[in-house]
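> What follows is a protein structure lacking sequence information:
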């Protein structure tokens, strides 16, 4: 099964190594379930109405607040809940 998992967080370029364990954990969980998962980092300043046209299969709200666009992060959370998408907040 192919699925897309979006990890929403605003990772400063100089700190990507710090956030890598979150991405590794999601990939490890998918592999443990024998799922072929595309794990994408989505920055809140890139979330617009188009994002909601093609939602992921699951969402992880990653660490690192305050977010650049907190309203966008909240909209992703609200939409995931309303659509019944798996949602994890760290």
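Structure received. All figures in this text were calculated on a predicted structure; none of them were measured in a lab.
> Contacts for stretch 28-40, please.
Stretch 28-40 has contacts (Cβ atoms under 8 Å, 6 or more residues apart in numbering) with 1, 2, 3, 4, 5, 6, 7, 23, 26, 27, 56. C-beta: built from backbone N, CA, C; applies to glycine.
> Using the three-state scheme, assign the third one.
Local secondary structure at residue 3 is given as strand here, using DSSP: H, G, I helix; E, B strand; the rest coil.
> And the closest residue to it other than its chain neighbours, how far from residue 13?
For residue 3, ignoring the flanking residues on the chain, the nearest one in space by Cβ to Cβ, 6 or more residues apart in numbering is residue 57 at 3.9 Å. Distance check for residue 57 against residue 13: by Cβ to Cβ, to the nearest Å, it reads 27 Å.
> Kindly report the same for residue 86.
Distance from residue 86 to residue 13, by Cβ to Cβ: 29 Å.
> what about these two, which has more around it?
residue 86 (12 against 5; other Cβ atoms under 10 Å).
> re earlier: make sure the residue nearest to residue 3 is actually in contact with residue 85.
Yes. Contact status for residue 57 versus residue 85: in contact at 7.0 Å, counting by Cβ atoms under 8 Å.
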